[in-house]
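S.K.: Would you be able to build a 3D model of this:
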Amino acid sequence: AANKINLIPQDFFAELCEQIIQHLNHKIPGVNTAELCQRIQTSGIELNVGDLSKIANIVSFLFSTAARNHLSTEELITTLSDAVSTLPKHAVQVIRHVWNEQGKSISESEDARNTATVGQFVDLKWKLGVAMSSDACRSLKYPYVMVALTVADPSGQITEKSFEMTIPQFKNLFRQFKEMAAVLETV
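M.R.: Sure, this is the predicted structure:
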């Protein structure tokens, strides 16, 4: 991962670290590595989303472990230097700066640890469509609902899952959401 970090310009790596700190502080639901990777690629750097996600997971683990152990900036940098000698100098400088500025703010409450073990809802988009025809059938006129669900997994990686539902499936989902809403009203 250190050789991949070397590819990332300092400003993009700083942005990644800032987003990770914000995620660990529960200010944002996750780190949008796909969007950041696209911007990095647009700047002319060859890096894929999988590699950037691995780097984000490593940095997230680094920051959360440092917070759990209440490490000072110097303790973090010393530990990091002892463990990873191949880390680029610009990456160490960014980690030092971000941790020095915002590291102490990472909350380590029991609730924060518990919510971090499951994914978190980010967004839901839907659209109603009608399948007009296909190669097997000339005239379908079949309505469907397309749903795009955006979630942040426990590590903070944002992903989008899309699926289609028939109208009866959608009505069943809607009924279940109404039941959840009714239960929430009693709480």
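
S.K.: Model confidence for the residue nearest the centre of the chain, exactly?
M.R.: Residue closest to the average C-alpha location in the chain (C-alpha atoms, centre = their mean): Gln157, at 2.3 Å. pLDDT, Gln157: 78.

S.K.: how about the nearest residue to it, chain neighbours excluded?
M.R.: Leaving aside its chain neighbours, Gln157 sits nearest to Ser53 (5.5 Å; criterion: C-beta to C-beta, 6 or more residues apart in numbering). Where you see a C-beta, it was placed from the backbone N, CA and C, and this is true even at glycine.

S.K.: Which helix or which strand is home to the one you found?
M.R.: Using DSSP states H and E, the element containing Ser53 is helix 49-68.

S.K.: same question for the helix or strand just after that helix, mean pLDDT?
M.R.: Helices and strands here follow DSSP H and E; after helix 49-68, the next one along the chain is helix 73-83. The predicted model assigns helix 73-83 a mean pLDDT of 83.

S.K.: Same question for stretch 90-104.
M.R.: In this model, stretch 90-104 carries a mean pLDDT of 89.

S.K.: What residues sit buried inside the strand or helix carrying Gln38?
M.R.: Using DSSP H and E, Gln38 maps to helix 33-42. Neighbour counts over helix 33-42 (16 or more other C-beta atoms under 10 Å) mark Thr33, Leu36, Cys37, Ile40 as buried.

S.K.: For these, could you give me CSV that also reports pLDDT and distance to Asp11?
M.R.: Listed next are the buried residues of helix 33-42 as CSV, based on pLDDT from 0 to 100; distance: C-beta to C-beta, whole Å:
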residue, pLDDT, distance to Asp11
Thr33, 89, 16
Leu36, 91, 11
Cys37, 92, 14
Ile40, 92, 10
